[in-house]
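Chemist: For reference, the sequence and a predicted model appear below.
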Amino acid sequence: MNLQALDQTPAYYLRFNLYHRLLHGLLMLSFLGLAASGMPLRFNQSAWASELANAMGGFGAVLFFHKTFAFLMTLCFVLHLGAGFYRAFIRGEVGILWGPDSMVPQPGDFLEMLQHFRWFFGLGAKPQFGRFTYWEKFDYWAVFWGMAVIGISGYVMWFSAFFGSHLPGWLFNIALIIHAEEALLAVWFIFTIHFFNSHFRPDKFPMDLVIFTGRVSEKELQEERPLEYQRLLQEGTLESIRTDQPPLWLRNFGRIIGFCAVVTGFVLFGLTLLAFLHE
């Protein structure tokens, strides 16, 4: 009987290793911290911004927290770039730059997107997805671009004494505008588009736990990413990523962290949208 029960246990496969999950956790923490401290600075004339700032210890404390989370996000960015450089140029894993395991947009992604849109309106079959879908790549590069733009403009203002001796004064006004507006766009994008793509799609609602557990079941892999499943079978590498079912404590941990992040995001989105409409 035990052998039969064991045979019926669904197979699980590793999608994200521990390093990627921890890095995403650092990204989540730093982004939520930047949003919670940056939006009161952006909308400092709003009543809710003053109340939130006072709860943190005043606008001086808010600025301190904002800089602290900015450092953490910079660390995340550097670690990500460093890991990518190491894999591509030291270990020779050039597949992360182009191919089925790459986050770089490729011609097939645009065809996949068009086919998906046709499927939305009942004009064609649902496309077959591989390891990364077109919307996941869009999410990735939107965040990557935003981190670079917001980070550069933020550091120019942070170390204004240094940059002031090398740059004309009017550039600081531009840096402030870019930093504030790009940050607001990032907050709205993450708390709406990214949350929907990751958690609120009908097949994932109310939450996709893969970024917390790092694992997907065989059924999920076959149904959601059939091209990757078939490729791994043909390459003979599928069994190499087979792993245990995620324990209950890890799934519950993911649900708690994910729920807190989603609620925080929705509250900040609502407050910033309300403040923006009343500017």
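Modeler: All right, it came through fine. Residues are numbered from 1 along each chain as shown.
Chemist: which residues in the stretch 101-250 of the chain form strands?
Modeler: 215-217, 242-243 (DSSP state E, counting those that start in this stretch).
Chemist: right, and those strands - which one's nearest F117?
Modeler: Nearest to F117 among the strands of the stretch 101-250 of the chain is strand 215-217; the distance by Cβ to Cβ comes to 25.2 Å. (Glycine included, C-beta is placed from N, CA and C.)
Chemist: Quick check: pLDDT value at Q4.
Modeler: Q4 is assigned 45 on the pLDDT scale.
Chemist: before we move on, the earlier item: show me the one of the strands of the stretch 101-250 of the chain that comes nearest A148.
Modeler: From the strands of the stretch 101-250 of the chain, taking Cβ to Cβ, the stretch that ends up closest is strand 215-217, at 30.2 Å.
Chemist: Contacts for the closest one, please.
Modeler: P10, A11, Y12, Y13, L14, R15, V210, E224, T243, Q245, P246 (Cβ atoms under 8 Å, 6 or more residues apart in numbering).
Chemist: returning to that earlier point: quick one, which of the strands of the stretch 101-250 of the chain is packed in tightest?
Modeler: Ranked by mean neighbour count, those are led by strand 215-217 with a mean of 20 (mean count of other Cβ atoms under 10 Å).
Chemist: So which bits of whichever helix in the chain runs longest are buried?
Modeler: For the chain, the longest helix by residue count, based on DSSP state H, is helix 248-277. Residues of helix 248-277 classed as buried: 251, 254, 257-258, 261-262, 264-265, 268-269, 271-272, 275 (neighbour count, 16 or more other Cβ atoms under 10 Å).
Chemist: what mean pLDDT does that helix have?
Modeler: 92.
Chemist: Make a markdown table out of the strands of the stretch 101-250 of the chain and add distance to C76 and mean pLDDT.
Modeler: A markdown table is the format used below for the strands of the stretch 101-250 of the chain (distance: least, Cβ to Cβ, whole Å; pLDDT from 0 to 100):
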| stretch | distance to C76 | mean pLDDT |
| --- | --- | --- |
| strand 215-217 | 23 | 93 |
| strand 242-243 | 25 | 94 |
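Chemist: Looking at those strands, which is nearest to R91?
Modeler: Taking the strands of the stretch 101-250 of the chain one by one with Cβ to Cβ, strand 242-243 is closest: 21.8 Å.
Chemist: Summarise which helices and strands that closest one is packed against.
Modeler: For strand 242-243, the packing partners by 3 or more Cβ pairs under 8 Å, 6 or more residues apart in numbering; DSSP states H and E come out as strand 12-14.
Chemist: After the strand it packs on, which helix or strand is next? Please name it.
Modeler: Following strand 12-14 in sequence order, the next helix or strand is helix 18-42 (DSSP states H and E).
Chemist: Kindly calculate the angle that that next one makes with helix 248-277.
Modeler: 30 degrees (axes from the mean of the first three to the mean of the last three Cα atoms, to 10 degrees).
Chemist: Report the buried residues of helix 18-42.
Modeler: Residues of helix 18-42 classed as buried: 21, 23-24, 26-40, 42 (neighbour count, 16+ other Cβ under 10 Å).
Chemist: try stretch 192-201
Modeler: Residues H194, F195, N197, S198, H199 are the ones in stretch 192-201 that count as buried (16+ other Cβ under 10 Å).
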